[in-house]
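K.L.:
Have a look; sequence and predicted model below, questions after that.
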Amino acid sequence: MLKVILIDDELKSIKSLEWEITNFCKDVEIMETFTNPEEAITYLKHNDPDCIFLDVEMPEMDGFQFLDHFQKRDFCVVFITAYNQYAIQAIKENALDYLLKPIDSDDLIETIEKIRADRRDGRTYDALEERLKKHTTKRIAIPVEGKLVFINIENIIYCKSDGNYCKIHLEDKKPLFISKKLKEIQGLLPEQDFFRVHNSYLVNLKKVSEYLKTEGYIILDNQIEIPVSRNKKSEFLDKI
């Protein structure tokens, strides 16, 4: 019998996942559910589930901040979220799997089987990479003036830091000025395609048309010149 707990600030989402598990997953016990992550932290200090289903976006404490309270953990983690943009960060957190809302029954069943194998054999899976291939998306959601703007990753030319803000420059569109630090935007984008060449600039490597070694800057497809820091030069050349 697998023992799991569900953590999501939206009660509706918890009820939906409870229903899916109850109706499609045999021999799974839902030990407890939480809409308050602080209460879940206290609970986990005295209880040992096999796995936690953890929402990413919660107002008081997001899923990644939640895991910061457990540097060593005996339970595996399955992230649940409405946005695929967090998959890269989920991989960094060594999550077992990643499910997109609304949760597909077949995906959930597959995830439960991976949890069983992980608990039984201690095997490691490339579950997130598999999920990314299956639910691959080329868009990310960016909060702008009280709304979410969905933009295609391939249309991002570069991002520029402005203190606690960031400006995203797009092809054939006006730049987006958002209240997020450049580091946060960097965490949403695939590392193989985007590189921070300078403390203030994150560039789409596919948009680089020239690199001027002597001057120490690159020219993008839109003819914008971006400086490359000396300490980033070697890594940049390796990636490009």
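P.N.:
Nice, thanks for sending it over.
K.L.:
The nearest residue to residue 25 once chain neighbours are set aside is in what secondary structure piece?
P.N.:
Closest residue to residue 25 apart from its sequence neighbours, by Cβ to Cβ, 6 or more residues apart in numbering: residue 112 at 4.9 Å. For the C-beta atoms, the positions are set from N, CA and C on the backbone; glycine is no exception. Per DSSP states H and E, residue 112 falls inside helix 105-121.
K.L.:
swap in residue 236?
P.N.:
helix 230-239.
K.L.:
Now do the buried residues in that helix.
P.N.:
Residues 232, 236 are the ones in helix 230-239 that count as buried (16 or more other Cβ atoms under 10 Å).
K.L.:
Stretch 11-24 now?
P.N.:
For stretch 11-24, burial by neighbour count (16+ other Cβ under 10 Å) applies to 13, 14, 17, 20, 21.
K.L.:
Ok, stretch 148-157 next?
P.N.:
The neighbour-count criterion (16+ other Cβ under 10 Å) identifies 151, 153, 155, 156, 157 as the buried residues of stretch 148-157.
K.L.:
what mean pLDDT does it have?
P.N.:
Mean per-residue pLDDT for stretch 148-157: 87.
K.L.:
Kindly export it (C-alpha atoms) in PDB.
P.N.:
The C-alpha coordinates for stretch 148-157 follow below in PDB (Å, rounded to 0.1, in the frame of the first residue of the first chain):
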ATOM      1  CA  LEU A 148      -0.700  36.200 -17.700                       C
ATOM      2  CA  VAL A 149       0.800  36.700 -21.100                       C
ATOM      3  CA  PHE A 150       1.700  33.500 -22.900                       C
ATOM      4  CA  ILE A 151       4.800  33.900 -25.100                       C
ATOM      5  CA  ASN A 152       6.600  31.400 -27.400                       C
ATOM      6  CA  ILE A 153      10.100  30.700 -26.100                       C
ATOM      7  CA  GLU A 154      11.600  30.700 -29.600                       C
ATOM      8  CA  ASN A 155      10.400  34.300 -30.000                       C
ATOM      9  CA  ILE A 156      12.500  35.600 -27.100                       C
ATOM     10  CA  ILE A 157      15.600  37.300 -28.400                       C
END
